[in-house]
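[1] with the input below, show me the fold.
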Amino acid sequence: MRIAITGQQEFGKAVLEAFRARGDEVAGVFCIPEKVGAKPDVLREAAHFHGLPVFQFSSLRSSFAEQALRELDADIGIMAYVVQFAPQAFVNIPRCGTIQFHPSLLPRHRGPSSISWPIALGETTTGITIFRPTDGLDEGPVILQKSCPIGPDETLGELYFNKLFPMGVAALLEAADLVAAGGHEERAQDEAKASYEGWFHEDESRINWSQHVDQVYNLIRACNPAPGAWTVLGGVKTWLYDARKHPSRTHGDVAGKPGTIAAVSATSIEINAQGGRIEVLKLRPEGGRKLAAGEFARERGLTASAA
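    Okay, here's the model as predicted:
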């Protein structure tokens with residue numbers, strides 16, 4: 001097949017390499033323009049390394065983007081981690097149209113933080129969807145889906161890199177073959193089951209220690225490694241990363257107001273929540289580096305019950 005890829009970063013690069021490795025021809029690559037001073041896009045770098053045409057339009061709505069894609073004469077378009085809006089006038093240009101990757105089981109968890117939200121909500125299953133992009137956000141007909149479990153202690157990073165990332169690359173290859181051969185089915189999404197969540201920004205990632213310890217732990221997992229769930233420790237805004245959950249065994253097992261420090265060790269800080277404690281192992285104070293929670297406690301003079 002002759003492929004046109006639209007995407008960015010490590011996932012886009014992996015998709016590019018996977019199609020090339022099995023002998024498909026990548027006709028060209030569309031990437032979002034990089035901001036001044038930003039880390040180079042590894043997909044763009046990989047495309048340049050292989051001598052492929054690279055297009056970086058500020059908008060895919062432009063006639064210039066459409067013309068560039070037409071001139072590539074692609075059999076199929078592949079959208080691999082795309083944050084730009086791609087209109088129908090663009091995605092319908094390849095002979096077999098375009099397929100897109102989304103890291104959730106659509107119609108559940110449409111939107112940009114679709115890996116984080118299932119973890120934050122305590123769900124035990126997620127997956128990936130390959131679908132036809134439409135002008136609605138993640139609303140197009142489904143071609144292929146794969147599911148996987150979410151482990152009880154699995155973080156955003158572990159779920160993405162160990163499961164959803166490789167599943168997504170393989171599924172794009174499989175779906176492209178199905179579409180090119182005309183052997184696929186397109187299933188409309190059930191709008192009655194649809195959900196949408198926005199980005200995990202500062203408000204969404206702030207810890208409320210009055211919530212149950214399960215909810216607090218799920219939020220920390222959902223924000224690790226980015227953006228990090230945050231709280232205030234010793235008067236300093238602090239992002240929490242690696243952590244353990246310690247549910248209370250009895251009603252009197254947790255002593256102390258939610259959000260107060262229950263214990264400090266050489267490696268960790270334990271913080272009270274409803275129904276248990278969160279043991280923080282790694283954190284990052286505002287303006288500082290990531291470090292062991294115990295080291296942070298020593299530097300700040302934190303002790304038990306010092307809220």
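[2] what's in contact with the helix or strand where Gly157 lies?
    Here Gly157 sits within helix 156-159, counting by DSSP states H and E. By Cβ atoms under 8 Å, 6 or more residues apart in numbering, the residues outside helix 156-159 that reach it are 115-116, 119, 126, 150-151, 221-226. The C-beta positions use only the backbone N, C-alpha and C, and glycine is treated the same way.
[3] buried sites along whichever helix or strand comes after that helix?
    Note on helix 156-159: by DSSP H and E, the next helix or strand toward the C-terminus is helix 165-181. By neighbour count on 16 or more other Cβ atoms under 10 Å, the buried set for helix 165-181 is 165, 167-169, 171-173, 175-176, 178-180.
[4] cool, and stretch 3-13?
    Buried residues in stretch 3-13 (16+ other Cβ under 10 Å): 3-9, 11-13.
[5] circling back: average pLDDT for the helix holding Gly157?
    For helix 156-159, mean pLDDT is 98.
[6] and for stretch 243-250?
    For stretch 243-250, the per-residue pLDDT averages 89.
[7] next one: stretch 282-300
    For stretch 282-300, mean pLDDT is 97.
[8] ok, residues contacting it?
    228, 233-234, 236-243, 264-269, 280-281, 302-303.
[9] list the contacts of Asp41.
    Contacts of Asp41 by Cβ under 8 Å, 6+ apart are 8-9, 12, 31-32, 34.
[10] which single one of these is nearest to Phe161?
    Phe161 has its nearest neighbour among the contacts of Asp41 in Gln9, at 12.3 Å by Cβ to Cβ.
[11] quick one: that closest one and Leu43 touch, right?
    Yes: the criterion here is Cβ atoms under 8 Å, and Gln9 meets it with Leu43 at 6.2 Å.
[12] which ones are touching Ile5?
    12, 15-16, 19, 26, 28-30, 43, 77-78, 80.
[13] follow-up on the earlier one: narrow the contacts of stretch 282-300 to those that are buried.
    By 16+ other Cβ under 10 Å, the contacts of stretch 282-300 give 228, 233-234, 238-243, 264, 268-269, 280-281, 302 as buried.
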